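> 3D model of this:
(4 chains)
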Protein chains: 2
Amino acid sequence: MVSSRRIADVAAEAGVSQTTVSHALSGRRPVAPATRARIMDAVERLDYRPDRLATSLRMQRTQTLALIVPDIANPYYPASARALLDGVNDVGFMTLITNTDGDPEGERAALQEMVARRVDGIVMHSLATTTADVRRIVGPDLPVVVVGGLTGHTETDLVVTADSVGLGEAVKYLHDRGVRDLGFVDGPEGNGMYRLVAFLGAANALGMNVQDEWVAHTPFTREGGFAAAMSLLHGDRRPAAIMCANDLIAIGVMDAARALGISIPRDLAVIGFDDIETAALVTPQLTTITNPASLTGATCAELLLERIGRGAAAPYMTRILPTSLVLRESA
Amino acid sequence: MVSSRRIADVAAEAGVSQTTVSHALSGRRPVAPATRARIMDAVERLDYRPDRLATSLRMQRTQTLALIVPDIANPYYPASARALLDGVNDVGFMTLITNTDGDPEGERAALQEMVARRVDGIVMHSLATTTADVRRIVGPDLPVVVVGGLTGHTETDLVVTADSVGLGEAVKYLHDRGVRDLGFVDGPEGNGMYRLVAFLGAANALGMNVQDEWVAHTPFTREGGFAAAMSLLHGDRRPAAIMCANDLIAIGVMDAARALGISIPRDLAVIGFDDIETAALVTPQLTTITNPASLTGATCAELLLERIGRGAAAPYMTRILPTSLVLRESA
DNA sequence: CCACGAACACAAACCGATTTGCAAAGGAGC
DNA sequence: GCTCCTTTGCAAATCGGTTTGTGTTCGTGG
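Next comes the predicted model:
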């Protein structure tokens, strides 16, 4: 109630030394039951709560994690963030969240700031930074989970979705329905382009026709998808289907089709990526590829806690999460 | 790169005292340009970055804020959070985010934890705690902005939306269209029920017929809305319109109507609250009341920074943000 | 040649906790 | 009644910075 109490106040109130209070609270050394009771009583009376700052400085751990995302307002991230927060709150961690807008410089700055704040671990949804870059910035010992990087050689723990599986399913589905002319609207250039690459691989494997002007880059937003599709659909020959790097882009593409009087899915099939909640609510309902956001967040929490428990020496871990095609109305 | 450097290392590298390094970096005392250059050089070479923990402990400010929300995965909050984060990042603040699920005990625990972590300020979307409770928990001096509490006597800074304005518009709109029988699906009982109260006020003023069994409480989710509507629409006499405490509930209500073969808006009008992005994408498009999420977050940032600048003595501030009816297809 | 100011070093206090080495008190065993 | 051990408490060092008071050195102007 009054100004915040220090451990010395508690010691005075209980008539013991600071040391004894600390030991009573942490249990690192035995304290007589009667003494402990007096101390607890004083703690209660003074409404004492240890300063986590001082504790952190002394213990060299902050019980704090960092979550670095491109944009928390992008509907994919909140679900993932929620699962992460739930997973780590149980063991007393709080989480600092920051946005980078996918900007490499922003990602670097965010990492440095988090290091300076001595977080115990970082979860990063990286678009523009490799795990090697990350490791170089944060130093060799800090637990880091990168979401969505490249598998294979990695210098952080990794959670990836098997995008190529879902994308392959989707391309095959379109192929089976007779589609041959395919477009793809990717995120901004230099975002890693994993999905574009996986898409092109699958499309090539089935001999699909993907013309260069049917591949566009745009921000991961509804507006971005709209703009990209408007120019992409204006050529004299247009693709029979457009796949997108996320659902918001796909919704924007559907906006554009509507604006141009193109019927979905009859004249144009549209497939998104992520399966955000909205995907099932739009008209027509969006056919998309599930990207298990909540599972991703929970897996990050698991990996990070395991890493914190095992130390930096243990080999890096990679978890691959499944994706799959969800058929609805847009394709 | 190597393990993290301390200020003493920089002092040694530059051949000056620790004191001079600190002064050079903070500018609190003059340092000769040549010396400063040597120091900056050493900082660069060693990749030194001051330990924010130690600085925070000494300076008694953490450059950290807390954002306490019921559920970051609820689509209303991310937009608000993003605006808040943007507003305070510019001045070097990072933000701890935590979820309470609207649980009073969770809200109390979150507040206490944030106080123990010595955050410089708190933004709380409160459902179950009064500003007086908050003030008692955090002590008299900590800057706090509560979103969505009761205006009038308050013990924190306050950002509220003028819910009654939008609700009044909506009720009047329905009245003008000849609707007399009205229902309301509110959030969980004990959530403050500001919207229910405002709704009832507006409905009474126009002589609407709001039967007790047409008012329900349910979680702020799609599933909650569905369940509430299923039982609400089962009576032998049902309302001609249902208004809801948020859009997710409203979407659930529409699910229920569809399941029961009730046509919207012909047989039942549905009006939501918040105008989340999805509202414009569902079918039929949801008529709802705008709740300017992004503006709310930005306003919280402003208020908090102003409060931090002015100190605890300045009188509490209240900002009232506009809401208004957005006509779409569901009513 | 002296006075004065600027630049900087040095040592120490401080923020608020944890942890260690050491000493005192108390009980058990003989 | 004495020794030995266990239990418990105290003082001080520590985490890594910031800040202050004092002292030293150097350069400049009178």
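> near DNA strand D, anything from stretch A:62-73?
No: against DNA strand D, stretch A:62-73 shows no contacts by C-beta under 7 Å from any atom of the strand, the least distance being 12.1 Å. Heads up, the C-betas are built off the backbone N, CA and C, glycines and all.
> Identify the residue spatially nearest to the residue in the stretch 1-150 of chain A that DNA strand D sits nearest to, adjacent ones excluded.
Ranked by C-beta to the nearest atom of the strand, the top residue of the stretch 1-150 of chain A for proximity to DNA strand D is residue A:17, at 2.4 Å. Once flanking residues are discounted, residue A:17 sits nearest to residue A:11: 5.7 Å by C-beta to C-beta, 6 or more residues apart in numbering or on different chains.
> and what of residue A:149?
Closest to residue A:149 by C-beta to C-beta, 6+ apart is residue A:131, at 5.3 Å.
> Equivalent analysis for residue A:114, please.
residue A:66 (4.0 Å).
> quick one: contacts for that neighbour?
Residues in contact with residue A:66 (C-beta atoms under 8 Å, 6 or more residues apart in numbering or on different chains) are A:95-98, A:110, A:114, A:117, A:119, A:121-124.
> go on, residue A:296?
Applying C-beta under 8 Å, 6+ apart, the residues near residue A:296 are A:80, A:83, A:147, A:159, A:161, A:321.
> looking at it, the first one is touching residue A:299, isn't it?
Spelled out, it's residue A:80. No: checked against C-beta atoms under 8 Å, the pair residue A:80 and residue A:299 is beyond contact range at 9.6 Å.
> And the residue of the stretch 201-331 of chain A closest to DNA strand C?
Counting by C-beta to the nearest atom of the strand, the stretch 201-331 of chain A gets nearest DNA strand C through residue A:308, at 16.2 Å.
> ok, which residues in chain A are in contact with DNA strand D?
Checking chain A against DNA strand D by C-beta under 7 Å from any atom of the strand, the hits are A:11, A:16-20, A:23, A:29-32, A:35, A:54, A:57-58, A:60.
> Give the rounded mean pLDDT of stretch A:257-275.
Mean pLDDT, stretch A:257-275: 94.
> Count the neighbours of residue A:19 for me.
As a burial measure, residue A:19 scores 12 neighbours (other C-beta atoms under 10 Å in any protein chain shown).
> Quick one: end-to-end distance for stretch A:319-326.
22 Å (C-alpha to C-alpha, to the nearest Å).
> before we move on, the earlier item: okay, and which of the contacts of residue A:296 map to strands?
A:147, A:159, A:161, A:321 (DSSP state E).
> What's the local residue count around residue A:117?
21.
> I'd assumed residue B:53 was in contact with it.
Yes: assessed by C-beta under 8 Å, residue A:117 is found in contact with residue B:53 at 7.3 Å.
> Find residues that contact each of the two.
Common neighbours of residue A:117 and residue B:53 (C-beta under 8 Å, 6+ apart) are residue A:62.
> how about the strands in the stretch 101-250 of chain A?
A:121-125, A:144-147, A:157-161, A:182-186, A:215-217, A:241-244 (DSSP state E, counting those that start in this stretch).
> Can I get those in a markdown table including mean pLDDT?
Converted to a markdown table, those look like this (pLDDT from 0 to 100):
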| stretch | mean pLDDT |
| --- | --- |
| strand A:121-125 | 97 |
| strand A:144-147 | 96 |
| strand A:157-161 | 94 |
| strand A:182-186 | 96 |
| strand A:215-217 | 95 |
| strand A:241-244 | 97 |
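> With respect to burial, which of these scores highest?
Mean neighbours per residue, mean count of other C-beta atoms under 10 Å in any protein chain shown, is largest over these for strand A:241-244, with a mean of 31.
> Contacts only, for residue A:107.
Residue A:107 touches A:68, A:100, A:124, A:126-129, counting by C-beta under 8 Å, 6+ apart.
> Any figure for the gap between residue A:51 and residue B:56?
10 Å (C-beta to C-beta, to the nearest Å).
> can you list residues touching both of those two?
residue B:118.
> still on that earlier bit, and the pLDDT for the residue nearest to residue A:114?
In this model, residue A:66 carries a pLDDT of 98.
> do the same with residue A:1
pLDDT, read off for residue A:1, is 44.
> Repeat that for residue A:283.
Value for residue A:283, per-residue pLDDT: 79.
> which SS class is it?
coil (DSSP: H, G, I helix; E, B strand; the rest coil).
> picking that back up, out of the contacts of residue A:296, who's nearest residue A:204?
residue A:161 (21.1 Å; C-beta to C-beta).
> my guess is that closest one meets residue A:320, correct?
Yes: contact status for residue A:161 versus residue A:320: in contact at 7.5 Å, counting by C-beta under 8 Å.
> what's residue A:132 in contact with, if anything?
Residue A:132 touches residue A:155, counting by C-beta under 8 Å, 6+ apart.
> how much space is there between residue A:62 and residue A:306?
19 Å.
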